[in-house]
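Visitor: My questions concern the predicted model and sequence given below.
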Amino acid sequence: MKWKEESQRKQYGRALVELGKERSDIVVLDADLSSSTRTADFAAVFPERFFNCGIAEQNMMDTAAGLASSGKTVFVSTFAVFGTGRCYDQIRQSIAYPNLNVKIVASHAGITVGGDGASHQIVEDIALIRVLPNMQVIVPADSPETYKVVKHIAGTKGPCYVRIGRADVPTITDEATPFDVNKAPVLRDGKDITLIGCGIMVSKCLEAAEELTKHGIDARVINLHTIKPIDEKTIVKAARETGGVVTAEEHSVMMGMGSAVAMVLVENFHVPMKRVGIPDVFGESGGCDELMAKYGLTVDNIVEAAHDVLKRKK
Amino acid sequence: MEVYDGEFISELEAAAKRIRRHIIKMIYEAGSGHPGGSLSAADILTAMYFHILRHDPKKPDWPDRDRFVLSKGHAAPALYATLAEVGYFPQEELCTLRKMGSRLQGHPCMRKTPGVEMSTGSLGHGLAAGNGMALAAKLDRKLYRIYVLCGDGEMDVGETWEAAMLASHYKLDNITMYIDRNKLQLDGPTEKIMSLEPLSDKWTAFGWHVIEINGHNMKEIIHATNEAKGIKGRPTAIICHTIKGKGVSYMEGSLHFHGKAPNKAEYEQAMKELGGEA
């Protein structure tokens, strides 16, 4: 399957600039990574509304909180590894607890960061943030979806965390479908098994579904772009109608999207399930493709997981 | 220079005494709380809400109001006592401190309590949050000012210095930070736990205008604040030399009453010393 590969960060920058033109309450903060996160695009047009906080993420989050308490709609960006763990208390105490209008758009999430290695490859950010009350967690699947997500969250009140990657990703979402934080799109219908992906793994789920048809297996593919609030209805419906679930995320198998899906299934309609993801280890330096292969994030990993689940299906 | 007459100052001092009585009473009734750091901050808070702040207790969301952030959130009893005294909510509510369903949480909650500008309690957050408010004011070309009260223990926190740099870098002359320099933290004197001196030099080095005052002297608090208002292009740090537990003899200079409520006998004695009744 050949899709166009596009940058999520570029669409983030584009959406920010458009928002900046439409609304005077939009402000953007970064921690010395604006040329990487693309908040620099906003800074170029609206320098008076862009605040570089330097390498000081804790300060940045609390400053964002102060701006939000004064009526601003605040976008905050840095690498995902620095925009979560480093400033966790600030997110918890000053943003999540008082429910302030701060949108954390974290870039360079997962192992596709590549050569920088483990210190920069966060494998646990979805886990860290989804456990905080009041925080929404969104993982756009591709470049056009990133644009839609950014436009959407600017219009809602409350804190959220959006994770995007460094690498260009295949464009697989439908341009015409609007983003709905409460509804996970079913990209491909199917009756034998459900493949639930988020972020870069959604395209791999679609490829896996293609591969599975060769074995006479008809797979449903869901783009679970929103981990919190999670679309229980679509997940449970899929479990009922297909009897087996595979999840796939560029994240540890511990406590990420797969775990969130497992919680829904166990409490509502449990079916055989397998999580595809990074196997509870830190990353390392390498090229994108070889890292994805080594850390279990390939189409083959999803296909293998699907066969495993099908064996256990009643 | 403005001159404040004796009567005006006496009224402020009387208000501070009432606030101290509220602090002791509400902590006693709650059975927990932080009397030491609340008492050391009482005079600063009194001056703030009775004189310094442009604000309207009936309109806590007035967009052009000055903002006050209690970075040392554990001094919440002092803040609540002051807010009640000036009319943000009824004084009768003070005895609900820390109780289930109360609008007065153990540490300030901006969603529950009228007049609280930022949720604090974790320490080291208030100055950065205040900076965010100061940036918003500059963006909107508004003249309201931001006032932040930090404990001297918060000078241990890295984020405090990140915020110090940002305020200086962005020339936030509309923010004034008071340091409640009572020289004690929980485990011991600040200079034994993590020495801060020379503290004044540190803030000057970070680009701030620095003033040192007696944090229990109303005239000095007000004059320093006025001086801060006149400083252009950089923020001001007012180091307020205070006594932890000020006003209650057995609490003054005590580590023990950092986070401990008085028992019945202690409560009665404290109220007597503060000119009230248990």
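Guide: Arrived safely.

Visitor: Unless I'm misreading it, A:Gly296 sits right up against A:Pro279, doesn't it?
Guide: Yes. A:Gly296 lies in contact with A:Pro279 (CB atoms under 8 Å); the separation is 5.9 Å. Using the backbone N, CA and C atoms, a C-beta is placed for each residue, glycine as well.

Visitor: Isn't A:Lys4 up against A:Val169?
Guide: No. Using CB under 8 Å, A:Lys4 is not in contact with A:Val169, being 9.9 Å away.

Visitor: Just the pLDDT for the residue in the stretch 101-250 of chain B that chain A sits nearest to.
Guide: Of all residues in the stretch 101-250 of chain B, B:Gly132 sits closest to chain A, at 2.0 Å by CB to the nearest CB. B:Gly132 is assigned a pLDDT of 98 by the prediction.

Visitor: Give me the most central residue, chain A.
Guide: Closest to where the C-alpha atoms of chain A average out (CA atoms, centre = their mean) is A:Val139, at 1.9 Å.

Visitor: tell me the contacts of that residue?
Guide: Neighbour list for A:Val139: A:126, A:162-163, A:198-199, A:224-227, A:249, A:257 [criterion: CB atoms under 8 Å, 6 or more residues apart in numbering or on different chains].

Visitor: so which of those comes closest to chain B?
Guide: Looking across the contacts of A:Val139 and measuring by CB to the nearest CB, the closest to chain B is A:Val162, at 20.4 Å.

Visitor: ok so that closest one is a strand residue?
Guide: Yes. Counting by DSSP: H, G, I helix; E, B strand; the rest coil, A:Val162 falls inside a strand.

Visitor: Give me the contact status of stretch A:21-39 with chain B.
Guide: Yes. Counting by CB under 8 Å from any CB of the partner chain, contacts between stretch A:21-39 and chain B involve A:Val27.

Visitor: Please point out which parts of that stretch sit buried.
Guide: For stretch A:21-39, the neighbour count (16 or more other CB atoms under 10 Å in any protein chain shown) marks A:25-34, A:36-39 as buried.

Visitor: will you turn these into TSV that also has pLDDT and secondary structure?
Guide: As requested, the buried residues of stretch A:21-39 are exported to TSV (pLDDT from 0 to 100; DSSP: H, G, I helix; E, B strand; the rest coil):
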residue	pLDDT	secondary structure
A:Asp25	98	coil
A:Ile26	98	strand
A:Val27	98	strand
A:Val28	98	strand
A:Leu29	98	strand
A:Asp30	98	strand
A:Ala31	98	coil
A:Asp32	98	coil
A:Leu33	98	coil
A:Ser34	98	helix
A:Ser36	97	helix
A:Thr37	98	helix
A:Arg38	98	coil
A:Thr39	98	coil
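
Visitor: in which helix or strand would I find the residue nearest to B:Ile243 when sequence neighbours are not counted?
Guide: Nearest non-adjacent residue to B:Ile243, counting by CB to CB, 6 or more residues apart in numbering or on different chains: B:Glu252, 5.2 Å away. For B:Glu252, there is no host helix or strand (DSSP states H and E).

Visitor: and what of A:Ile196?
Guide: Going by DSSP H and E, A:Ile196 is part of strand A:193-197.

Visitor: Direction included, what does that strand pair up with?
Guide: In the sheet, strand A:193-197 lines up against strand A:219-223 (parallel), strand A:245-252 (parallel) (DSSP bridges).

Visitor: Any chance of CSV for these, columns mean neighbour count?
Guide: Listed next are the strands paired with strand A:193-197 as CSV, based on neighbours: other CB atoms under 10 Å in any protein chain shown:
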stretch, mean neighbour count
strand A:219-223, 26
strand A:245-252, 30
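
Visitor: B:Glu197 is nearest to which of the ones you listed?
Guide: strand A:245-252 (45.4 Å; CB to CB).

Visitor: returning to what we had before: between A:Lys4 and A:Val169, which is the more surrounded one?
Guide: Neighbours were counted for A:Lys4 and for A:Val169 using other CB atoms under 10 Å in any protein chain shown; A:Val169 has more, 27 against 11.

Visitor: who's in contact with residue 110?
Guide: No chain was given, so I picked chain A. A:Gly110 neighbours (CB under 8 Å, 6+ apart): A:80, A:121-123, A:163, A:165, A:199-200, A:250-251, A:278.

Visitor: Chain B is the one I meant
Guide: A:69, A:98, B:116-119.

Visitor: before we move on, what about A:Glu18?
Guide: Contacts of A:Glu18 by CB under 8 Å, 6+ apart are A:Lys151.

Visitor: would you say it is within a helix?
Guide: Yes. The assignment for A:Glu18 (three-state DSSP) places it in a helix.

Visitor: what's the spacing between the nearest residue in space to B:Lys260 that is not next to it in sequence and chain A?
Guide: Computed as CB to CB, 6+ apart, the closest residue to B:Lys260 that is not its neighbour in sequence is B:Pro35, at 7.4 Å. Taking CB to the nearest CB, to the nearest Å as the measure, B:Pro35 and chain A are separated by 23 Å.

Visitor: Show the average pLDDT along the strand holding A:Ile196.
Guide: pLDDT averaged over strand A:193-197 gives 98.

Visitor: all strands of the stretch 1-150 of chain B, in order?
Guide: Assigned by DSSP state E, counting those that start in this stretch, the strands in the stretch 1-150 of chain B fall at B:67-70, B:146-151.

Visitor: in which helix or strand would I find the closest residue to chain B within chain A?
Guide: Closest residue of chain A to chain B, CB to the nearest CB: A:Gly66 (2.0 Å). Following DSSP H and E, the helix or strand that holds A:Gly66 is helix A:57-69.

Visitor: For that helix, could you pull out the residues that count as buried?
Guide: A:57-69.

Visitor: Throw those residues into CSV and include pLDDT and distance to A:Leu187, thanks.
Guide: Formatted as CSV, the buried residues of helix A:57-69 follow (pLDDT from 0 to 100; distance: CB to CB, whole Å):
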residue, pLDDT, distance to A:Leu187
A:Glu57, 98, 35
A:Gln58, 98, 39
A:Asn59, 98, 41
A:Met60, 98, 36
A:Met61, 98, 34
A:Asp62, 98, 39
A:Thr63, 98, 39
A:Ala64, 98, 34
A:Ala65, 98, 37
A:Gly66, 98, 41
A:Leu67, 98, 37
A:Ala68, 98, 34
A:Ser69, 98, 39
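
Visitor: what's the most distant pair in the residues you listed?
Guide: A:Glu57 and A:Ser69 (18.9 Å).

Visitor: Flag every residue of chain A that's near chain B.
Guide: Counting by CB under 8 Å from any CB, chain A comes close to chain B at A:27, A:48-49, A:51, A:53-54, A:56, A:58-59, A:61-72, A:89-90, A:93-94, A:97-99.

Visitor: 6 Å instead?
Guide: A:56, A:58-59, A:62-63, A:65-67, A:70, A:72, A:89, A:93-94, A:97-98 (CB under 6 Å from any CB of the partner chain).

Visitor: Low-confidence regions, the chain specifically.
Guide: Looking at chain A here, since you left the chain open. A:1 (pLDDT under 70).

Visitor: was after chain B, sorry
Guide: Checking chain B against pLDDT under 70 turns up B:1-2.

Visitor: if you set the cut-off to 80 instead, what comes out?
Guide: Scanning chain B for pLDDT under 80 picks out the ranges B:1-3.

Visitor: what's the longest helix in it?
Guide: The helix that spans the most residues within chain B, counting by DSSP state H, is helix B:6-30.
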